[in-house]
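*Asks:* Sequence and predicted structure below; questions after.
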Amino acid sequence: MLSDVFLKLEKTSERLKKTEILSEFLESCDSDDIYAVVLLVSGRVFPQWSQKDIGVASMLMVKAIAKAYGRSEADVEKQWQRLGDLGLVAEDFSKTRKQATLFKKLLTVKLVHESLKNLVNLEGMKSQDKKLAIISSLLTSANDAQARYVVRAIIGDLRIGVADGVIRDSITRAYFSEIFWKDLLKLKINKKKRIEHMLDVYNNKRILVSLELKEYLSDVEKFEEKNTVTYLSENEITKIADFWKKTAKYDVILVNETDFGNNLKSKITGIVERANEAANDFAMIAKIAMEEGVKGLEKIDITVGRPIKVMLAQKAKGIKDAFDIVGKPAAFEYKYDGFRLQVHKNGNEINLFTRRLENVTKQFPDIVDVAKKGIIANSCIVEGEAVGYDKNTGRYLPFQQISRRIRRKYDIGELAKQVPVVLNLFDMLSLNGKTIVDEPFEKRRDNLKKIVKETPQKLILAKDIITDLVDVAEDFYKESLAKGNEGIMAKSLSAPYKPGSRVGHMLKIKPVLETLDLTIVGALWGEGKRAGWLSSYTLACRDPDTGEFLTIGKLGTGIKEKSEEGTSFADFTKELEKHIISKKGKEVDISPTIVVEVAYEEIQKSTNYSSGFALRFPRLVVLRDEKAVEETDDLNKVSYIFAQQRHNN
Ligand code: AMP
């Protein structure tokens, strides 16, 4: 049962063990179920590229649990406080269920998946009631463990610790032959042990052994008796195109841990990974791997109109460091402060996606228009940074001033006029039906230049230079900052485009901002792993005139889970608990006593905090217990850094 698998996955934190558990389960699944199983394991109802989201808030879940188990909402809330996780609350109530469960259905994977899909598709009048009915019907039929995971799946937090890498490795292991070479190598020292091990592990399997290994397998009559063993040379193994497909011929391949063995393994993992980069849908990948093997996976390609995960940037310490990583010569480009857009053009149809794969085509009719006219290709996928500018002065605006365009649902045309954006293109992933992610950046960029008809303030190519000189790159960096950009990007000319990876093919270089000393004025009681601890600390700076504390952000990063590793949540909790002034649900107000040094990516203007600013990605540098709260940095310093970080202010 899937819930048993979830329980096992949750119990272990070892990645290899998780892969073993999941791959065994995948192997045992019917091809009818596999799609839904993989989606549920990855905590999704629809594939990753899809826009759809379940949209059930915790409060609705509280109601649904109350309804399903005949409890009051206050009861549910109380248990929630205690256990820190609504999944555990449902499981707890399921164990002590008062009501007879007349309406119990067998909870199959399909039924759960179908019900979750129905939740997603509900809109409009009475949708809340219908959602409640669906969830409580699921819970009525669920056993204890199923209740835990149904609830968590719906609120989007499964807590089984299965990331994409584990899913990829499990698919590889489930549907392609296991390759054992590590064990063999280890056992090489002791022949007797090695043979015992093999006799132990393999039984009734179809095993392909590389001839190069045969010498270690002398005296293995029993091994051959118990299994069907074939010997082939490494050369011959390479020639059999789908030898690793389980449904083909062999269950296990034994090769030595040489370059051959390592290549074999990375080749297989690479094929699965590659297929997923193009499709963004592990559920589909699993089904194809199961039914068609490698040949099926190799056919999967990028589809224009379906978003692809973007390649992410690493940080470089400076120009020299950047050259060390991406090589010489390298391309440098302005790093614009806007948001990344992936433009998919198919004939006259344009689709725009953000880096989170959200479709934002409707919000940007102006970009759709310029892309139609200015990108001269029948079909292509290109990427760029959309940046807002002041229509009077033409100067770039910080990201925040255009961010509202991303969410806007009404008066879109009017907003487009008020807040115009220019798209700075810098990469291309596909051209006229051909996927070009494997071509070197230099070539992709040249192709891009050929198909773009630039229009000032609408569609342009990101400003770039190619150089091998530190001085030239430094000047370009200064020039970019002087124009109000965030910094520059350094890109390897020979590198492919790696969707979704933070590989060092593309680096960002930007000024480091001073840290701030702030105090903590609030916190939240944590959930799940953080139950029992105060977390998410509200940070504040000082008002220099009144001495009052003004909020500026929330801190949750850089704090350790275990005290041995540094200042931990437990350490903070012990200290902060003494200073709680008031409580509201999980929220507490804290009288300012502790000073923390905080680093951040940027200071933004914000109406969410009383200082009028917000820190982007704040993280703890160190607890400044030697500092008095009066030494907390004040608003003047915050405003000063804010002004410094952009050279156009
Ligand atoms: P960061 O978000 O700080 O990790 O920086 C990487 C982001 O910078 C990318 O995801 C883009 O949205 C943005 N960016 C701005 N200009 C460029 C450029 N010329 N090339 C690549 N990314 C850029």
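*Replies:* Cool, got the structure. None of the values given here were measured: they were computed from a predicted structure. Numbers count the residues shown, from 1 in each chain.

*Asks:* Mind listing what's buried along stretch 161-177?
*Replies:* For stretch 161-177, the neighbour count (16 or more other C-beta atoms under 10 Å) marks 162, 166-177 as buried. (Each C-beta comes from the backbone N, C-alpha and C, glycine too.)

*Asks:* Pick out the lowest-pLDDT one from those.
*Replies:* Going through these one by one, the lowest pLDDT turns up at residue 177, 65.

*Asks:* could you point out where this protein is predicted with low confidence?
*Replies:* Per-residue confidence for the chain (pLDDT under 70) gives these ranges: 98-104, 177-199, 216-219, 240-248, 257-258, 400, 646-649.

*Asks:* Checking my notes, residue 582 in a helix, right?
*Replies:* No: assigned with DSSP: H, G, I helix; E, B strand; the rest coil, residue 582 falls outside any helix and is strand.

*Asks:* did I read that right, residue 367 in a helix?
*Replies:* Yes: residue assignment for residue 367, taken from three-state DSSP, places it within a helix.

*Asks:* would you turn the buried residues of stretch 161-177 into JSON lines with secondary structure and distance to residue 618?
*Replies:* As requested, the buried residues of stretch 161-177 are exported to JSON lines (DSSP: H, G, I helix; E, B strand; the rest coil; distance: C-beta to C-beta, whole Å):
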{"residue": "162", "secondary structure": "coil", "distance to residue 618": "29"}
{"residue": "166", "secondary structure": "helix", "distance to residue 618": "30"}
{"residue": "167", "secondary structure": "helix", "distance to residue 618": "31"}
{"residue": "168", "secondary structure": "helix", "distance to residue 618": "32"}
{"residue": "169", "secondary structure": "helix", "distance to residue 618": "34"}
{"residue": "170", "secondary structure": "helix", "distance to residue 618": "36"}
{"residue": "171", "secondary structure": "helix", "distance to residue 618": "37"}
{"residue": "172", "secondary structure": "helix", "distance to residue 618": "38"}
{"residue": "173", "secondary structure": "helix", "distance to residue 618": "40"}
{"residue": "174", "secondary structure": "helix", "distance to residue 618": "41"}
{"residue": "175", "secondary structure": "helix", "distance to residue 618": "43"}
{"residue": "176", "secondary structure": "strand", "distance to residue 618": "44"}
{"residue": "177", "secondary structure": "coil", "distance to residue 618": "48"}
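
*Asks:* Which of the residues you listed sits closest to the ligand?
*Replies:* For the buried residues of stretch 161-177, the closest approach to the ligand (C-beta to the nearest ligand atom) belongs to residue 168, at 23.1 Å.

*Asks:* Isn't that closest one up against residue 273?
*Replies:* Yes: with contact taken as C-beta atoms under 8 Å, residue 168 and residue 273 are classed as touching, separated by 5.8 Å.

*Asks:* Overlap of the contact sets of those two?
*Replies:* The overlap between the contact sets of residue 168 and residue 273 (C-beta atoms under 8 Å, 6 or more residues apart in numbering) is empty.

*Asks:* Do you have the helices of the stretch 151-300 of the chain handy? List them.
*Replies:* Secondary structure of the stretch 151-300 of the chain by DSSP state H, counting those that start in this stretch: the helices cover 164-175, 182-187, 191-201, 211-214, 221-226, 234-239, 259-279, 282-299.

*Asks:* Nearest to residue 78 among the ones you listed would be which one?
*Replies:* Between residue 78 and those, the tightest spacing by C-beta to C-beta is seen for helix 164-175, at 34.9 Å.

*Asks:* what sits up against that closest one?
*Replies:* Applying C-beta under 8 Å, 6+ apart, the set of residues contacting helix 164-175 from outside is 15, 18-20, 22-24, 26-27, 38, 41-42, 245-247, 268-269, 272-273, 276, 282, 285-286, 289-290, 293.

*Asks:* now do stretch 545-561
*Replies:* 518-522, 529, 535-543, 566-569, 572, 592, 596, 598-600, 609-615, 617-621, 632, 635, 638.

*Asks:* how about the buried residues of stretch 161-177 in CSV, adding distance to residue 384?
*Replies:* What follows is the buried residues of stretch 161-177, written out as CSV (distance: C-beta to C-beta, whole Å):
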residue, distance to residue 384
162, 34
166, 33
167, 31
168, 29
169, 34
170, 36
171, 33
172, 34
173, 39
174, 39
175, 38
176, 38
177, 43
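
*Asks:* farthest pair in the residues you listed?
*Replies:* Using C-beta to C-beta, the two most remote members of the buried residues of stretch 161-177 are 162 and 177, lying 22.8 Å apart.

*Asks:* Check the offset of stretch 529-549 from the chain's centre.
*Replies:* Offset of stretch 529-549 from its chain centre (C-alpha atoms, centre = their mean, to the nearest Å): 28 Å.

*Asks:* For it, list the C-alpha coordinates in PDB.
*Replies:* As requested, C-alpha coordinates have been extracted for stretch 529-549 and formatted as PDB (Å, rounded to 0.1, in the frame of the first residue of the first chain):
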ATOM      1  CA  LYS A 529      10.300  19.000  12.500                       C
ATOM      2  CA  ARG A 530      10.300  22.300  14.200                       C
ATOM      3  CA  ALA A 531       7.400  21.500  16.500                       C
ATOM      4  CA  GLY A 532       8.100  22.800  20.000                       C
ATOM      5  CA  TRP A 533      10.500  25.400  18.800                       C
ATOM      6  CA  LEU A 534      10.000  29.100  18.000                       C
ATOM      7  CA  SER A 535      10.800  29.800  14.400                       C
ATOM      8  CA  SER A 536      10.400  32.400  11.700                       C
ATOM      9  CA  TYR A 537      11.700  35.400  13.800                       C
ATOM     10  CA  THR A 538      10.400  38.800  13.000                       C
ATOM     11  CA  LEU A 539      13.300  41.200  12.700                       C
ATOM     12  CA  ALA A 540      13.300  44.900  13.500                       C
ATOM     13  CA  CYS A 541      15.500  47.900  13.300                       C
ATOM     14  CA  ARG A 542      15.300  51.100  15.400                       C
ATOM     15  CA  ASP A 543      13.600  54.300  14.700                       C
ATOM     16  CA  PRO A 544      16.300  56.800  15.500                       C
ATOM     17  CA  ASP A 545      13.800  59.500  16.500                       C
ATOM     18  CA  THR A 546      11.500  57.600  18.800                       C
ATOM     19  CA  GLY A 547      13.600  54.500  19.700                       C
ATOM     20  CA  GLU A 548      10.700  52.300  18.700                       C
ATOM     21  CA  PHE A 549      11.300  49.100  16.900                       C
END
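
*Asks:* Confirm that residue 489 sits in a strand.
*Replies:* Yes: counting by three-state DSSP, residue 489 falls inside a strand.

*Asks:* which residues does it form a beta bridge with?
*Replies:* Residues found in beta-bridge contact with residue 489 (criterion: DSSP bridges) are residue 333, residue 508.

*Asks:* Who are the contact partners of it?
*Replies:* 313, 332-335, 426, 506-509.

*Asks:* restrict those to contacts with the ligand.
*Replies:* The residues of these that also fall near the ligand, by C-beta under 6 Å from any ligand atom, are 313, 333-335, 426, 508.

*Asks:* Next, count neighbours for residue 143.
*Replies:* Residue 143 has 14 neighbours, counted by other C-beta atoms under 10 Å.

*Asks:* Ignore what I typed, I meant residue 639.
*Replies:* Counted by other C-beta under 10 Å, the residues lying close to residue 639 total 15.

*Asks:* Could you report the distance from it to residue 602?
*Replies:* Distance from residue 639 to residue 602, counting by C-beta to C-beta, to the nearest Å: 14 Å.

*Asks:* got it, and residue 479?
*Replies:* To residue 602, residue 479 is 21 Å away according to C-beta to C-beta.

*Asks:* Looking at the two, which is more packed in?
*Replies:* The neighbour count for residue 479 versus residue 602, taken as other C-beta under 10 Å, is higher for residue 602 (19 against 14).

*Asks:* Spell out which residues belonging to the stretch 201-350 of the chain are near the ligand, please.
*Replies:* 313, 333-336, 340.
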